[in-house]
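Engineer: Kindly return the folded structure for what I paste below:
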Amino acid sequence: MKQSSLTAYYTDPMIIRQIWQKLLDDGFEGGRILDPSMGTGNFFAAMPRSIRDKSELYGVELDSVTGAIAKQLHPNTHIEVRGFEEVPYQNNSFDLVLTNVPFGNFRIADKTMINLI
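Structural biologist: Residues are numbered from 1 along each chain as shown. Below is the predicted model of the structure:
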């Protein structure tokens, strides 16, 4: 539990609502939606009904406790509880990917990614 709290970052609900409003304003109506670092699923919980009704939701969460909570809160969502790098999603398989990237002073473990950042 302690390890989860050290790396968890939850987005302010006001920011989440603003993101969804911007997507609505830009004409997004739904599709295959992925949150690759979903936590308990706050982005999905705040999703406007008009988008939810026309969408298939996918989430990935590394932490097992948080992932179990997300599965309980979002039973109709395809949720993978493992590292995003382990999930076999194909390129271009989602209409929308949204998340709040956990910026921090973390060491990059995957040496192939160092030059991409």
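
Engineer: tell me the secondary structure for Leu34?
Structural biologist: Under DSSP: H, G, I helix; E, B strand; the rest coil, Leu34 falls in the strand class.

Engineer: For His78, see how far away it is.
Structural biologist: Leu34 is 9 Å from His78, where distance means CB to CB, to the nearest Å. Glycine gets a C-beta too; all of them are placed from N, C-alpha and C.

Engineer: Between the two, which contacts overlap?
Structural biologist: Counting by CB atoms under 8 Å, 6 or more residues apart in numbering, the common neighbours of Leu34 and His78 are 58-59.

Engineer: Of those two, which one has the most company?
Structural biologist: Leu34 (21 against 12; other CB atoms under 10 Å).

Engineer: Packing partners of the host helix or strand of Lys22?
Structural biologist: For Lys22, the element it lies in under DSSP states H and E is helix 13-25. Counting contacts by 3 or more CB pairs under 8 Å, 6 or more residues apart in numbering; DSSP states H and E, helix 13-25 packs against helix 42-45, helix 49-52.

Engineer: Return the helix or strand in this protein with minimum mean pLDDT.
Structural biologist: helix 2-7 (a mean of 48; mean pLDDT, DSSP states H and E).

Engineer: quick revisit: just name the most buried of the helices and strands packed on helix 13-25.
Structural biologist: Looking across the helices and strands packed on helix 13-25 with neighbours counted as mean count of other CB atoms under 10 Å, the highest average goes to helix 42-45: a mean of 19.
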